[in-house]
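Student: coords below, sequence missing:
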């Protein structure tokens, strides 16, 4: 059986197209998942526009934000059965012997390979998934929302696990993309006052962030950061896709404050890091997520405390992937979702 798939086939710009691929064979520890919905990530767009900074195993099926139903289980799989509603983590390949994996931080295993760049992803009808990274989806959580568990986990890890928010803190989020808006939403759940900063062309995205109770700022965020006592905000979440925003974060944060950097930017910094030292600021990187983060985020989504519906700009058939990519790339929508069947 063959199925349509969105394939990134070469490193050159625009090297993405629909191709027919075979139904995957699964191993003894895998399941075969029929994909219900798959989110379009900024990393998918970066591979499409060829401005990414990570190695890709071409050709590869895109898509790592997905959920669906199990249609087949491997011989050694226990605890899962055909028909189960699930979402999957992204760590498709990790080394069981790596020290990071042994302590539960397999997301930081340097040999890790993820869906959509290292192995075939979910922008197709069927995807092979190791059973170790599956999570149950409650029946009352639609897949249009459940498929976005992954970016929610990125945000939760950056805000809850890799920052130190206390209720009443003033927190600035730089970058109103999917991750930035979700970081702002999670920071609000933690009891923080939140401002999210963008550019003039981000007005539409900022309006969506406002639905989560955030102050929106275009231009200088300094007055908001220093409004309480003149020293700056308690923390900054840098979710922008450029290295230069770290300089802005260092300017906005108060002495002894913190910065959680989750946005990727391949550009060199080209500025002095002395303010990091002078202000005694904690700078924390945040990458990916692991099992307990996924379980907590699914509970938040299922319980309604975290609602991703405001960021979903539409659901497109897989064959209309190009329009879904273009809408997101142009900033017309925050998040595009594809439906393979």
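Tutor: Right, received. Where do you want to start? A quick note: this is a predicted structure, and the numbers were derived from the prediction, not measured.
Student: From here on, just use CA atoms for contacts and neighbour counts.
Tutor: OK.
Student: Could you list the buried residues of the strand or helix carrying residue 235?
Tutor: In this structure, residue 235 is located in strand 233-238 according to DSSP states H and E. For strand 233-238, the buried set under the neighbour-count rule, 16 or more other CA atoms under 10 Å, comprises 233-238.
Student: list the helices and strands the helix or strand following it packs on?
Tutor: The element immediately downstream of strand 233-238 (helix or strand, assigned by DSSP H and E) is helix 245-252. Counting contacts by 3 or more CA pairs under 8 Å, 6 or more residues apart in numbering; DSSP states H and E, helix 245-252 is packed against strand 233-238, strand 253-261, helix 274-278.
Student: what sits up against the next helix or strand after the shortest one?
Tutor: It refers to helix 274-278. Next along the chain after helix 274-278, taking DSSP H and E as the criterion, comes strand 282-285. Residues external to strand 282-285 that are found in contact with it (CA atoms under 8 Å, 6 or more residues apart in numbering): 158, 162-163, 256-262, 276.
Student: Check stretch 256-273 too.
Tutor: Taking CA under 8 Å, 6+ apart as the criterion, the residues outside stretch 256-273 that touch it are 53, 158-159, 162-164, 233-244, 246-247, 249-250, 253, 279-287.
Student: Check stretch 92-109 too.
Tutor: Contact partners of stretch 92-109, identified using CA under 8 Å, 6+ apart, comprise 91, 111-115, 119, 129-130, 133, 287-290.
Student: 7 Å instead?
Tutor: The set of residues external to stretch 92-109 that reach it, using CA atoms under 7 Å, 6 or more residues apart in numbering, is 91, 111-115, 129-130, 288-290.
Student: average pLDDT for it?
Tutor: When pLDDT is averaged over stretch 92-109, the result is 98.
Student: just how off-centre is stretch 166-173 within its chain?
Tutor: 21 Å (CA atoms, centre = their mean, to the nearest Å).
Student: Endpoint to endpoint, that stretch covers what distance?
Tutor: Taking CA to CA, to the nearest Å, the span from the opening residue of stretch 166-173 to its closing residue is 16 Å.
Student: With stretch 101-115 instead?
Tutor: Between the opening and closing residues of stretch 101-115 lies a distance of 18 Å (CA to CA).
Student: Strictly from the record, what residue spans define the domains of the chain?
Tutor: According to automatic domain parsing, the chain comprises the domains 2-148+308-339, 155-285.
Student: Find the centremost residue of the chain, please.
Tutor: For the chain, the residue whose C-alpha lies nearest the mean C-alpha position (CA atoms, centre = their mean) is residue 151; its distance is 2.8 Å.
Student: can you pull out the strands in the stretch 101-250 of the chain?
Tutor: Counting by DSSP state E, counting those that start in this stretch, residue ranges of the strands within the stretch 101-250 of the chain are 126-130, 134-136, 170-174, 193-198, 215-218, 233-238.
Student: Indicate which one of these is closest to residue 43.
Tutor: Across the strands of the stretch 101-250 of the chain, residue 43 has its closest neighbour in strand 233-238 (16.7 Å, CA to CA).
Student: Give me the distance from that closest one to the chain's centre.
Tutor: With CA atoms, centre = their mean, you get 19 Å for strand 233-238.
Student: So what's the model's average confidence on that strand?
Tutor: Strand 233-238 shows a mean pLDDT of 98 in the predicted model.
Student: For the strand holding residue 235, which outside residues touch it?
Tutor: 169-174, 225-226, 245-246, 249, 252-254, 257-263.
Student: now swap in stretch 191-206 and tell me
Tutor: For stretch 191-206, contacts defined as CA under 7 Å, 6+ apart pick out 166-176, 184, 188, 214-219, 334.
Student: what's near enough to touch residue 304?
Tutor: Taking CA under 7 Å, 6+ apart as the definition of contact, residue 304 has no neighbours.
Student: Which pLDDT value goes with it?
Tutor: 97.
Student: Against residue 140, how distant is it?
Tutor: As for residue 304, its distance to residue 140 is 11 Å (criterion: CA to CA).
Student: How about residue 104?
Tutor: Relative to residue 140, and taking CA to CA, residue 104 is found at 30 Å.
Student: who's more crowded, the two?
Tutor: Between residue 104 and residue 140, counted using other CA atoms under 10 Å, residue 104 has the larger neighbour count: 13 against 8.
Student: Is the residue lying closest to residue 72 once chain neighbours are set aside in a helix, a strand, or coil?
Tutor: Take residue 72 and drop its neighbours on the chain: the residue closest to it by CA to CA, 6 or more residues apart in numbering is residue 32, 5.0 Å away. Following DSSP: H, G, I helix; E, B strand; the rest coil, the label given to residue 32 is strand.
Student: Please give me every residue in contact with residue 32.
Tutor: Under the contact definition (CA under 7 Å, 6+ apart), the residues listed for residue 32 are 26, 70-73, 126-129.
Student: Most neighbours out of those residues, which is it?
Tutor: Greatest neighbour count in the contacts of residue 32, by other CA under 10 Å, goes to residue 129: 29 neighbours.
Student: Test for you: state the pLDDT assigned to it.
Tutor: As predicted, residue 129 sits at a pLDDT of 98.
Student: what's the answer for residue 53, then?
Tutor: Here the pLDDT value assigned to residue 53 is 85.
Student: Could you check how far it is from residue 123?
Tutor: Distance, residue 53 to residue 123, using CA to CA: 21 Å.
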